[in-house]
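Undergrad: What follows is a predicted structure for the sequence shown.
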Amino acid sequence: MQIIHDFDVSPWQYYLNGQDNDFPALRSCPRCHDEMLGHGFYQRYIITEKNRSYQLHIKRFKCRHCRRTVSLLPSFLLPYFQRSLKAIFTALYSYLVKKQYTLEQRQLHTYLRRFLDNLPGVMSFFRDKICSRLKFNCSQKKKAIKLLESIKGLPSPTFSQRYFDHFQKSFMAL
Ligand SMILES: [Zn+2]
């Protein structure tokens, strides 16, 4: 499983820090609550909003009792997406507001579908947590734009992490 953690550094700084990022200790196993031990790193790619790509070190832990592994995903990434959170937001927003494709069309529409499928969760998140002033009696597209604007008003890693903590899945999950 993955846990989203805000390292409070840019993707590029995280990359430069390599295995020396400020990795928190994970004290207890999410399944059996026994002790978690460091379990090395794996590498995964990020593609930024400027279409640059590089490999990041992702820290892993393993439970000494039930052997479950947990990885610590920086909050500028989403589980299972190579593109950064910012790249995805930027692409969705440019398309919805300006009809501009900053990504290949097919990919953009896959992202958009995912985001729209999760819209009810995103709306309830904002209703619960942040803003009860949003009006939801408008079209799905308008809702999507309003929500992207609300999300953009927050530091986006914070949104992603809080959403994940709240629902135990990402706002772009299947
Ligand atoms: Zn365990």
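TA: Alright, I've got the coordinates. Numbers count the residues shown, from 1 in each chain.
Undergrad: Show me what the helix or strand of the chain with the lowest mean pLDDT is in contact with.
TA: None of the helices or strands of the chain scores lower by mean pLDDT, DSSP states H and E than helix 119-129, at a mean of 78. Residues outside helix 119-129 that contact it (C-beta atoms under 8 Å, 6 or more residues apart in numbering): 115, 134, 136, 140, 143-144, 147, 150-151, 162-163, 166-167, 171. (C-beta placed from N, C-alpha, C; glycine too.)
Undergrad: Give the buried subset of those residues as a ChimeraX selection command.
TA: Remark: buried members of the contacts of helix 119-129, expressed as a ChimeraX selection using 16 or more other C-beta atoms under 10 Å:
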select :115,143,144,147,150,151,162,163,171
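Undergrad: hang on, isn't residue 158 packed against residue 8?
TA: No - when contacts are counted by C-beta atoms under 8 Å, residue 158 is not listed as touching residue 8 (10.0 Å).
Undergrad: What pairs with the helix or strand residue 58 falls within, parallel or antiparallel?
TA: For residue 58, the enclosing helix or strand under DSSP states H and E is strand 53-63. Pairing partners of strand 53-63, with direction, according to DSSP bridges: strand 36-47 (antiparallel), strand 69-74 (antiparallel).
Undergrad: helix, strand or coil for the closest residue to residue 32 other than its chain neighbours?
TA: Nearest residue to residue 32, sequence neighbours excluded (C-beta to C-beta, 6 or more residues apart in numbering): residue 66, at 4.6 Å. In three-state terms, and counting by DSSP: H, G, I helix; E, B strand; the rest coil, residue 66 is coil.
Undergrad: and stretch 108-118, how far from the chain's centre?
TA: Chain-centre distance of stretch 108-118: 14 Å, with C-alpha atoms, centre = their mean, to the nearest Å.
Undergrad: Got the confidence number for the residue lying farthest from the centre of the chain?
TA: Most distant residue from the mean C-alpha position of the chain: residue 65, 28.9 Å away (C-alpha atoms, centre = their mean). Listed pLDDT for residue 65 reads 96.
Undergrad: can you check residue 130 too?
TA: Looking at residue 130, the pLDDT reads 47.
Undergrad: try residue 54
TA: Listed pLDDT for residue 54 reads 96.
Undergrad: Residue 80 now?
TA: 90.
Undergrad: likewise the one 5 residues further on?
TA: Confidence at residue 85, expressed as pLDDT, is 91.
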